[in-house]
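> sequence-free structure coming up:
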């Protein structure tokens with residue numbers, strides 16, 4: 001089974017300082033056909049105006065991954081972490097039994113554009129934790145690079161779930177085949193540009209959902225940046 005989720009079918013919220021597109025039900029947006037996909041609970045495409053951001057707020061029992069596309073985010077949390085998140089960075093915060101944090105666009109001129117991703121954890125009530133790693137564009141060019149996994153394989157950040165997140169950049173004649181194990185779910189999200197996956201043309205904001213696909217052929221990229229979720 002393969003299904004295309006078009007960008008224009010997503011939920012949208014405009015708060016002035018924040019424009020957010022929701023691939024799954026979130027806050028005031030509810031779509032019973034798109035509440036989650038396996039353990040993948042949220043993909044929000046957020047644009048934050050200069051000098052604004054999310055004030056201190058709390059989470060619990062969620063694996064939260066931030067992936068910056070443009071601009072920067074300043075992160076602070078109740079665990080004592082303070083960092084700047086830039087394009088190529090993957091930040092993971094395991095909320096566990098409870099954590100508070102803020103995300104702020106420190107630039108006075110440039111907007112921040114990023115993906116906020118939530119993964120349902122395998123266990124609840126644990127100690128919160130934080131991790132951040134950088135994956136240069138040259139490493140992600142023309143192939144899918146593992147950026148998050150349960151065991152932190154291949155230098156990826158670790159998440160408490162049987163899930164693997166890959167990131168890749170595709171342009172021109174680049175062609176890549178991703179092999180998946182039997183019985184897995186795959187969710188491909190196009191962050192920007194355009195690309196073809198198994199012959200399906202996808203534009204920025206589009207997604208492809210597949211049950212037991214076994215392989216995904218990625219080609220015909222035009223400035224494409226994509227994320228692939230390999231889920232139990």
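Right, received. Where do you want to start? In this text the structure is predicted, and so the values were computed from the model without any measurement.

> buried sites along the longest strand seen in the chain?
Secondary structure of the chain per DSSP state E: the longest strand is strand 215-231. Across strand 215-231, burial judged by 16 or more other C-beta atoms under 10 Å covers 216, 218-221, 224-231. For every residue, glycine as well, the C-beta is placed using N, CA and C.

> What's the separation between residue 180 and residue 144?
11 Å (C-beta to C-beta, to the nearest Å).

> Could you do residue 211 as well?
From residue 211 to residue 144 the distance is 19 Å (C-beta to C-beta).

> more crowded one of those two?
residue 144 (23 against 14; other C-beta atoms under 10 Å).

> The nearest residue to the more buried one once chain neighbours are set aside: what secondary structure?
Residue nearest to residue 144 in three dimensions, not counting chain neighbours: residue 166, with 3.9 Å by C-beta to C-beta, 6 or more residues apart in numbering. Following DSSP: H, G, I helix; E, B strand; the rest coil, we place residue 166 in the strand state.

> can you count the residues close to residue 166?
22.

> That one touches residue 153, doesn't it?
No - here residue 166 lies out of contact with residue 153, judged by C-beta atoms under 8 Å, at a distance of 11.2 Å.

> Spatially central residue in the protein, please.
By C-alpha atoms, centre = their mean, the chain has its centre lying nearest to residue 117, at 4.5 Å.

> host element of it?
strand 112-119 (DSSP states H and E).

> Next, the angle from that strand to strand 215-231.
70 degrees (axes from the mean of the first three to the mean of the last three C-alpha atoms, to 10 degrees).

> No further questions, thank you.
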